[in-house]
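Chemist: okay, here's the prediction I keep looking at, along with the sequence it came from:
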Amino acid sequence: MAKLKLRPATVGDAERLLEIYAPYVEKTAITFEDEVPSIGEFQARIKQTLKTYPYLVALKDGQIVGYAYAGPFKERAAYAHSVELSIYVDLGQRHQHIGGFLYEAIENVLKKQGFLNLNACIAAPIGEDPYLDDNSLRFHEHLGYQLVGRFHQCGYKFDRWYDMVWMEKMLGEHTVPAPAIIPYPELQENGL
């Protein structure tokens, strides 16, 4: 297996990242987004994320094979130490440890930034389903995430209903005062 490499995403990666993401929108219920965003929309999403949070890509043989990013859990200041994570791996490259590689890297960055709570919003099937399995739940459990809530039949896609679960992992101690949050660009400037 080729060695994986990691680097921060750039707006210039949008086309390749959208190639990875589009099949998840069109053929799965892993994302509840039902229309593939335009390249301009995807570029704007990357740019907005990188103002504060990490957006990382995994490369194999020089080709982007997956990506992970963090974003705000909620917008209010009280939630500042919590993030929501998202990850997408090229469907042809799944089950090759790319997801674990990306999550380990992004967790390390987020810890250095001062974030404490990692949250993952995961679509969950209701029984056997051609568009969704429970691999994401098992993947997060394997990485130490715990189930903290389940919303029943709250997502509708492909003429069927889906549950949604929240899973959470703590990165550190919840001290008083809370640690300062270092924006991602500032972290990069300081070589961390």
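Modeler: That came through fine.
Chemist: rest of the way, CA atoms for contacts and neighbours
Modeler: Will do.
Chemist: flag every buried residue along the helix or strand of the chain with the lowest mean pLDDT.
Modeler: None of the helices or strands of the chain scores lower by mean pLDDT, DSSP states H and E than helix 184-189, at a mean of 89. Neighbour-count burial for helix 184-189 flags 184, 187 (criterion: 16 or more other CA atoms under 10 Å).
Chemist: that one - contacts with which helices or strands?
Modeler: Judged by 3 or more CA pairs under 8 Å, 6 or more residues apart in numbering; DSSP states H and E, helix 184-189 is in contact with helix 98-113.
Chemist: quick one on the thing from earlier: got the contact list for the least confident helix or strand of the chain?
Modeler: Residues outside helix 184-189 that contact it (CA atoms under 8 Å, 6 or more residues apart in numbering): 50-54, 112-113.
Chemist: strands of this structure, residue ranges please.
Modeler: Assigned by DSSP state E, the chain shows strands spanning 4-8, 55-60, 63-72, 82-89, 117-124, 146-157, 160-170.
Chemist: want to throw these into CSV with mean pLDDT?
Modeler: Output for the strands of the chain, formatted as CSV (pLDDT from 0 to 100):
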stretch, mean pLDDT
strand 4-8, 96
strand 55-60, 97
strand 63-72, 98
strand 82-89, 98
strand 117-124, 98
strand 146-157, 97
strand 160-170, 98
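Chemist: figure out which of the ones you listed is closest to residue 103.
Modeler: For the strands of the chain, the distance to residue 103 is smallest for strand 63-72, at 7.2 Å, taking CA to CA.
Chemist: still on that earlier bit, which of the contacts of helix 184-189 ranks first by neighbour count?
Modeler: Highest neighbour count within the contacts of helix 184-189: residue 54, with 27 neighbours (other CA atoms under 10 Å).
Chemist: on that earlier part again, pull the CA atoms of the least confident helix or strand of the chain into CSV?
Modeler: Extracted C-alpha coordinates of helix 184-189, given in CSV (Å, rounded to 0.1, in the frame of the first residue of the first chain):
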residue,chain,number,x,y,z
TYR,A,184,-6.0,27.6,12.1
PRO,A,185,-4.1,30.2,10.0
GLU,A,186,-2.3,31.5,13.2
LEU,A,187,-1.4,27.9,14.2
GLN,A,188,0.2,27.4,10.8
GLU,A,189,2.1,30.7,11.0
